[in-house]
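> Structure, please.
(chains A, B, C and D)
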There are 2 protein chains.
Amino acid sequence: MPKDLTPAAFNILLCLAGEPMHGYAIIQHVKTSTEGRVKLGPGTLYSTIKRLLETGLIVESDIRPDDDDERRRYYTLTSNGRKVVQAEAQHLERLVKQARNVKLLRGVA
Amino acid sequence: MPKDLTPAAFNILLCLAGEPMHGYAIIQHVKTSTEGRVKLGPGTLYSTIKRLLETGLIVESDIRPDDDDERRRYYTLTSNGRKVVQAEAQHLERLVKQARNVKLLRGVA
DNA sequence: ACTAAATATATCTATTTATGATATAGTGTT
DNA sequence: AACACTATATCATAAATAGATATATTTAGT
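All right, here's what the predicted structure looks like:
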């Protein structure tokens, strides 16, 4: 029974579900895609990445573009990581439906 | 600028957006409405309620049914609490859309 | 070439949250 | 009376987050 993801972990996995990415790119991707609402600091980012590696939800990959910045470390979702982030997304979807049911959001439930 | 809600705080406010409720009822409501996926323990519940009272997102109300259990303490959303939970719901809605965009969920974005 | 800003990862401490156990007591059922 | 359930509350611990600091590389401007 996978206990559910912290907000930081979910945001990171959501990025990686799009494409493999390195840490710094994740910070910026989260920042722009949420229009500044979510700011991952380095402390949260790297400690969460460490945890995600330990729990096998992501792995480091050596695939990278030619002439890429050597410092970058790329991460990809594992198949289990994908399952877990998908389950969390479904959970959030249900919460959003509930929010509609109590008129916090417009539209049909 | 209201920093965003913790998962526990969001779940509690989402309950109260439906109707005023007392603590123990919130625990059970969250449990049943999430089909057991979210379990609020007493530690998380009461410390989060305390915080929500301090930040003015909820207030205690003395309105209760006749012959109700005296021990119960009912809470209601303040207008600011409603605004904050609504903003968080909108944020979650965007995350769900992103999840659809990367094919973690089915359906149209 | 020199400089400054941005990129990139990593660690550390402090603060904030979450968890689970324990405590206490009222209520309802058999 | 005994028991399970309801109801709130606190405590100690553990986990997660935030923000500062450190270090080094890369890129852009002058």
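
> what's the model's confidence in stretch A:86-103, averaged?
In this model, stretch A:86-103 has an average pLDDT of 97.

> before we move on, what about stretch A:38-54?
Computed over stretch A:38-54, the average pLDDT equals 96.

> can you pull the buried residues of that stretch?
A:38, A:40, A:44-45, A:48-49, A:52 (16 or more other CB atoms under 10 Å in any protein chain shown). Quick note: C-beta positions are derived from backbone N, CA and C, even for glycine.

> Export those to TSV and append columns for secondary structure.
Putting those into TSV (DSSP: H, G, I helix; E, B strand; the rest coil) gives the following:
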residue	secondary structure
A:38	coil
A:40	coil
A:44	helix
A:45	helix
A:48	helix
A:49	helix
A:52	helix
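
> Pretty sure residue A:84 sits against residue A:13.
Yes - the criterion here is CB atoms under 8 Å, and residue A:84 meets it with residue A:13 at 7.3 Å.

> which residues in chain A form helices?
Here chain A has its helices, by DSSP state H, at A:7-18, A:23-33, A:42-54, A:79-101.

> and these, which is most packed in?
helix A:7-18 (a mean of 22; mean count of other CB atoms under 10 Å in any protein chain shown).

> Outside of that one itself, list whatever touches it.
Contact with helix A:7-18 is made by A:5, A:21, A:25-26, A:29-30, A:33-34, A:38, A:40, A:44-45, A:48-49, A:51-52, A:57-58, A:75-77, A:81-82, A:84-85, A:88-89, B:7, B:95, B:98-99, B:101-104, as judged by CB atoms under 8 Å, 6 or more residues apart in numbering or on different chains.

> tell me the angle it makes with helix B:7-18.
Angle, helix A:7-18 to helix B:7-18, by axes from the mean of the first three to the mean of the last three CA atoms, to 10 degrees: 100 degrees.

> ok, helix A:7-18 near DNA strand C or not?
No - using CB under 7 Å from any atom of the strand, helix A:7-18 stays clear of DNA strand C, coming no nearer than 8.9 Å.

> now the angle from that helix to helix A:42-54?
Put simply, helix A:7-18 runs at 70 degrees to helix A:42-54, going by the same axes, to 10 degrees.

> Export only the CA atoms of helix A:7-18, formatted as CSV.
What follows is helix A:7-18, C-alpha atoms only, in CSV (Å, rounded to 0.1, in the frame of the first residue of the first chain):
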residue,chain,number,x,y,z
PRO,A,7,2.9,17.9,-2.7
ALA,A,8,6.6,18.4,-3.6
ALA,A,9,6.9,14.7,-4.6
PHE,A,10,3.8,14.9,-6.8
ASN,A,11,5.0,18.1,-8.5
ILE,A,12,8.3,16.5,-9.3
LEU,A,13,6.8,13.3,-10.6
LEU,A,14,4.3,15.3,-12.7
CYS,A,15,7.2,17.0,-14.4
LEU,A,16,9.0,13.8,-15.1
ALA,A,17,5.8,12.2,-16.5
GLY,A,18,6.2,14.7,-19.3
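
> list the contacts for whichever residue of chain A sits closest to DNA strand D?
Chain A approaches DNA strand D most closely through residue A:43 (1.8 Å), counting by CB to the nearest atom of the strand. By CB under 8 Å, 6+ apart, the contact set of residue A:43 is empty.

> try the one 10 residues further on
Residues touching residue A:53, when contacts are defined by CB under 8 Å, 6+ apart, comprise A:59-60, A:75.

> Quick check: closest non-adjacent residue to the residue of chain A found nearest DNA strand C.
Residue nearest to DNA strand C within chain A: residue A:23 (2.9 Å; CB to the nearest atom of the strand). Nearest residue to residue A:23, sequence neighbours excluded (CB to CB, 6 or more residues apart in numbering or on different chains): residue A:45, at 5.8 Å.
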